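> mind looking at a prediction? Sequence and model below.
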Amino acid sequence: MNPQRSNITPTHEQMPKALTVGIVQQSNTGDRADNLARSAEAARKCKAEGAQLIVFQELHTGLYFCQTENTEVFDEAETIPGPSTEYFGALARELDCVLVLSLFEARAPGLYHNTAVVVERDGSIVGTYRKMHIPDDPAYYEKFYFTPGDTGFTPIQTSVGALGVLVCWDQWFPEAARLMALAGAEILIYPTAIGYETTDDKEEQARQRDAWLVSQRAHAVANGLPVVSVNRTGYEPDPSGVTGGIQFWGSSFAVGPQGEYLWQAPQDEEASAVIAIDRTRTADVRRIWPFFRDRRIDAYEGLTKRYLD
């Protein structure tokens, strides 16, 4: 597969009014071949329903391994190009669809990233995004594995538009969404792996999920952009037994530029869907809610500081 940029990107004027986005919410096991096969099956279903762009969840080829700190897990990382981009590159060519992948990138010895890869319809790699914000919490020990990204907040240009791809923990940071929007992203996309640590009580679990939904819908409203967030589902035990494991809460969704729900998946089962996103609504919404016009860029210098003492 040629990893260079594809030459099939149309101009903005050539873009169709509607963008059809396929969402694949999946539960995973330690069987990579089975995970890949089920991802491909769901993608084919999305294509049959008219998808032009298909988005997979964070680290969708295997288990969420960050529940523990284990040096042997680094052996599972892969290069770009590599096995996953070859597999999904072939799938993109078969389906004539743009795909958003997520994988554990081996960049160099001792240097690893949590990386989203965008594959064009012809199977070529058109861009990557390395996760910028890295959590370090019980059951989410990502700082042990992932170096913070260095690709910046730059939309990836594709034949279906400019994709503002971010990853999971990035979704809590309004700065990331804003910078993607200011750079011309036409849609914000969040491959995600988030759920409940199972010892939390039901009230805390509900608060966490609600906050997750609200924060991303707010990015849509503040930037006048559609948002697509694709989460994993299912239960994955903690190999160390220290915690009760993670029940991933699914709930993958798409919203329009006023935060309005276009579709939402169930919490506790696999799901796929194709959602039509109206490209014209960003311009319409930004005219009635001109947040970009009214931004006080002369007064925001404090945002580049850690804290205003």
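Nice, thanks for sending it over. Numbering: from 1, shown residues only.

> in the strand or helix carrying Leu179, what counts as buried?
Remark: Leu179 resides in helix 174-182, with elements defined by DSSP states H and E. For helix 174-182, burial by neighbour count (16 or more other Cβ atoms under 10 Å) applies to 176-181. Any C-beta I mention is one placed from the backbone N, CA and C, and that applies to glycine too.

> got a list of contacts for that helix?
132-133, 153-155, 164, 166, 170-171, 188, 218-219, 222-225, 292, 303 (Cβ atoms under 8 Å, 6 or more residues apart in numbering).

> most widely separated two among the buried residues of helix 174-182?
Farthest pair in the buried residues of helix 174-182 (Cβ to Cβ) is Ala176 and Ala181. Separation: 9.8 Å.

> and the longest strand seen in the chain, what does it pack onto?
Looking only at the chain and at elements set by DSSP state E, the strand with the highest residue count is strand 98-108. Contacts defined by 3 or more Cβ pairs under 8 Å, 6 or more residues apart in numbering; DSSP states H and E place strand 98-108 against strand 53-56, helix 83-95, strand 111-119, strand 161-165, strand 187-192.

> want to throw these into a markdown table with distance to Ala40 and mean pLDDT?
Shown next, in a markdown table, are the helices and strands packed on strand 98-108 (distance: least, Cβ to Cβ, whole Å; pLDDT from 0 to 100):
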| stretch | distance to Ala40 | mean pLDDT |
| --- | --- | --- |
| strand 53-56 | 10 | 98 |
| helix 83-95 | 6 | 98 |
| strand 111-119 | 13 | 98 |
| strand 161-165 | 20 | 98 |
| strand 187-192 | 17 | 98 |
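
> how about the ones you listed, which one is nearest Gln67?
Minimum separation from Gln67 across the helices and strands packed on strand 98-108 (Cβ to Cβ) falls at strand 111-119, 14.7 Å.

> check which helices and strands that closest one sits against.
On a contact count with 3+ Cβ pairs under 8 Å, 6+ apart, strand 111-119 meets helix 83-95, strand 98-108, strand 125-130, strand 161-165.

> identify each buried residue in the second one, please.
By 16+ other Cβ under 10 Å, the buried positions in strand 98-108 come out as 98-106.

> same check on the third one?
Within strand 125-130, the residues scored as buried using 16+ other Cβ under 10 Å are 125-130.

> just give me the closest of these to Glu76.
Of all the buried residues of strand 125-130, the one with the least separation from Glu76 (Cβ to Cβ) is Arg130, at 17.2 Å.
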